[in-house]
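**Student:** here is the input, now give the coordinates:
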Amino acid sequence: CNSKNFFLASLHQVVEVTEGGSVILECSQESIVLEDKQLTVHWRHNYIRNVFDIINGEVSIKEQDPAYKNRAEVLREELKKGNIFLNITDLQLSDGGTYLCFVPDLGLEHSTQLVVKERSCITCTTAEVRSHGTGARLGKTLYLLIQSSGFILHYLIG
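**Tutor:** Residues are numbered from 1 along each chain as shown. This next block holds a predicted model:
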């Protein structure tokens with residue numbers, strides 16, 4: 001299971017990502033001509049949760065929803081080029097929904113629908129079963145199924 005999936009989300013598109021992965025959401029399909037403007041940019045989740053703000057060119061996390069602390073950031077190098085990208089890491093199921101980006105000075109507003117899928121990975125491993133006292137092989141195989149939820153299921157095959 002590769003939980004580090006990384007996607008670039010296009011506008012007006014449903015984007016599916018597996019929980020635990022990362023996603024980059026874009027605010028505009030074209031670079032914005034900054035013209036030395038100190039832009040204000042707002043990112044919101046489901047129109048109400050504050051994901052990230054740039055106020056007059058400065059990053060502001062003062063009003064940021066705690067759920068996004070240390071998980072959401074604007075790609076600053078891209079911002080210098082006029083590209084407004086939001087990177088969200090360690091995606092949770094609760095991160096699914098509509099992400100709205102708006103730039104008041106430019107009248108720019110775009111949304112992206114994000115679907116976060118549950119991890120369904122199962123790790124299967126086998127171990128030979130031996131007698132504890134003698135170390136003699138018992139001719140049975142132990143199967144361990146380790147699910148992403150952390151539960152361990154095991155059974156013996158003779």
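**Student:** quick one, what contacts T98?
**Tutor:** Residues near T98 by Cβ atoms under 8 Å, 6 or more residues apart in numbering: 45-47, 111-114. C-betas here are computed from N, CA, C, even on glycine.
**Student:** what about it, distance to S111?
**Tutor:** Using Cβ to Cβ, to the nearest Å, we find T98 at a distance of 5 Å from S111.
**Student:** picking up where we left off before, now the contacts of T98: which count as buried?
**Tutor:** Buried members of the contacts of T98, counted by 16 or more other Cβ atoms under 10 Å: 45, 111-112, 114.
**Student:** and these, which is closest to T18?
**Tutor:** L114 (11.8 Å; Cβ to Cβ).
**Student:** surely F102 is in contact with H42?
**Tutor:** Yes - taking Cβ atoms under 8 Å as the definition, F102 is a contact partner of H42 at 5.4 Å.
**Student:** tell me which of the two has more neighbours.
**Tutor:** Each of F102 and H42 has its neighbours counted (other Cβ atoms under 10 Å); H42 has more, 19 against 16.
**Student:** and that one, helix, strand or coil?
**Tutor:** Here H42 is strand, with the state taken from DSSP: H, G, I helix; E, B strand; the rest coil.
**Student:** what sits against it?
**Tutor:** Residues in contact with H42 (Cβ under 8 Å, 6+ apart) are 50, 52-53, 100-104.
**Student:** related to what we said a few turns ago, redo the buried ones among the contacts of T98 as JSON lines? Include secondary structure and distance to P66.
**Tutor:** Listed next are the buried ones among the contacts of T98 as JSON lines, based on DSSP: H, G, I helix; E, B strand; the rest coil; distance: Cβ to Cβ, whole Å:
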{"residue": "H45", "secondary structure": "strand", "distance to P66": "13"}
{"residue": "S111", "secondary structure": "strand", "distance to P66": "23"}
{"residue": "T112", "secondary structure": "strand", "distance to P66": "22"}
{"residue": "L114", "secondary structure": "strand", "distance to P66": "19"}
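**Student:** picking up where we left off before, so of the contacts of H42, which ones are in strands?
**Tutor:** The strands, defined by DSSP state E, take in 50, 52-53, 100-103 from those.
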